[in-house]
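Peer 1: The sequence and its predicted three-dimensional model are supplied below.
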Amino acid sequence: MHEARLLGFRTLLYKEVLRFWKVSFQTVAAPVLNAILYLLIFSHVLERHVTVYGEIAYTTFLVPGLVMMSLLQNSFANSSSSLIQSKITGNIIFVLLPPLSHREFYAAYVIASVARGLFVGCGVLLVSLPFVSLPITSPGWILAFAVLGGGLLASLGVIAGIWADKFDQLAAFQNFLIMPLTMLSGVFYSIHTLPQVWQEISHINPFFFMIDGFRYGFFGQSDVSPWLSLTVVSVSFVLLAVLTLAMLARGYKLRA
């Protein structure tokens, strides 16, 4: 039974990775292009007018934020779109029939989603290199926040995919929750440029800690302590993972 479940986990993981990789022009290349357009537009407008942390050029500051934003959004999109499509087309039954535990089900979707996020993030980083000279101060911090952030958004994507009954509901989840939290997380600015009240509001946005901690890995500077960011992101990931596993264990909106 253990080997059968392990085989089922590997098969589901392979299916989810293959699902986005077979259409990588849409799932990987298109998000990379979107991020580069952000970079070109914002750098052209603000490069000569804004410096961050005293000496870092705005374009250089912007790149890690765009990398992490793309990673997070695509981690969410992968798990959420896969589940909602399976539910609407009815083929979710073929995922639920094998002897998979809810933990293996969760792990397969999250790992595949993090993989897509990392592919997109690396693509954005590589395409950005001709435009900036980007230092890398602490690769460990970069990897830690990339994996934890991707896992957190992948978990949120599983929750959204389970909860939503149609694409409109999933689009609302993304447009009214994921997008605002991402855009207001400090991707395009340092929160120290904001009025004090908005700085305080930013500190209740977990996306801010993901972006800020990830950026610390490049510059060795951040708006808050990277240890605080790591704590907030880790706790948020654990809480979401527990919630997602509880929903899967109950078969919420998946099993009749």
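Peer 2: Sure, I can see it. Predicted, not measured: the structure shown is a model, and the values here were computed from it.
Peer 1: Quick one: distance of the longest helix seen in the chain to the chain centre.
Peer 2: Longest helix in the chain, counting residues (DSSP state H): helix 58-89. Distance, stretch centre to chain centre, for helix 58-89: 5 Å (CA atoms, centre = their mean, to the nearest Å).
Peer 1: With stretch 165-173 instead?
Peer 2: Centre-to-centre, stretch 165-173 and its host chain are 18 Å apart (CA atoms, centre = their mean).
Peer 1: Tell me the buried residues in it?
Peer 2: By 16 or more other CB atoms under 10 Å, the buried positions in stretch 165-173 come out as 170, 173. (Each C-beta comes from the backbone N, C-alpha and C, glycine too.)
Peer 1: same thing with stretch 131-141?
Peer 2: 132, 134, 141.
Peer 1: Would you double-check that the first one falls in a helix?
Peer 2: No: counting by DSSP: H, G, I helix; E, B strand; the rest coil, residue 132 is not found in a helix; it is coil.
Peer 1: So what's the residue count around residue 234?
Peer 2: Look at residue 234: counted by other CB atoms under 10 Å, it has 15 neighbours.
Peer 1: pLDDT at it, what is it?
Peer 2: pLDDT, residue 234: 97.
Peer 1: Under a three-state scheme, what state does the nearest residue to it once chain neighbours are set aside occupy?
Peer 2: Spatial nearest neighbour of residue 234, excluding adjacent residues (CB to CB, 6 or more residues apart in numbering): residue 148 at 6.2 Å. Following three-state DSSP, residue 148 is assigned to helix.
Peer 1: how many neighbours does residue 148 have?
Peer 2: As a burial measure, residue 148 scores 22 neighbours (other CB under 10 Å).
Peer 1: Okay, helices next: where are they in the stretch 101-250 of the chain?
Peer 2: 102-128, 139-163, 167-173, 179-183, 196-202, 206-219, 226-250 (DSSP state H, counting those that start in this stretch).
Peer 1: got the contact list for the fifth one?
Peer 2: Okay, so that is helix 196-202. Helix 196-202 has contacts (CB atoms under 8 Å, 6 or more residues apart in numbering) with 184-186, 191-192, 194, 208.
Peer 1: give me the low-pLDDT residue ranges for the stretch 1-150 of the chain?
Peer 2: Counting by pLDDT under 70, the ranges of the stretch 1-150 of the chain that qualify are 1-5, 44-54.
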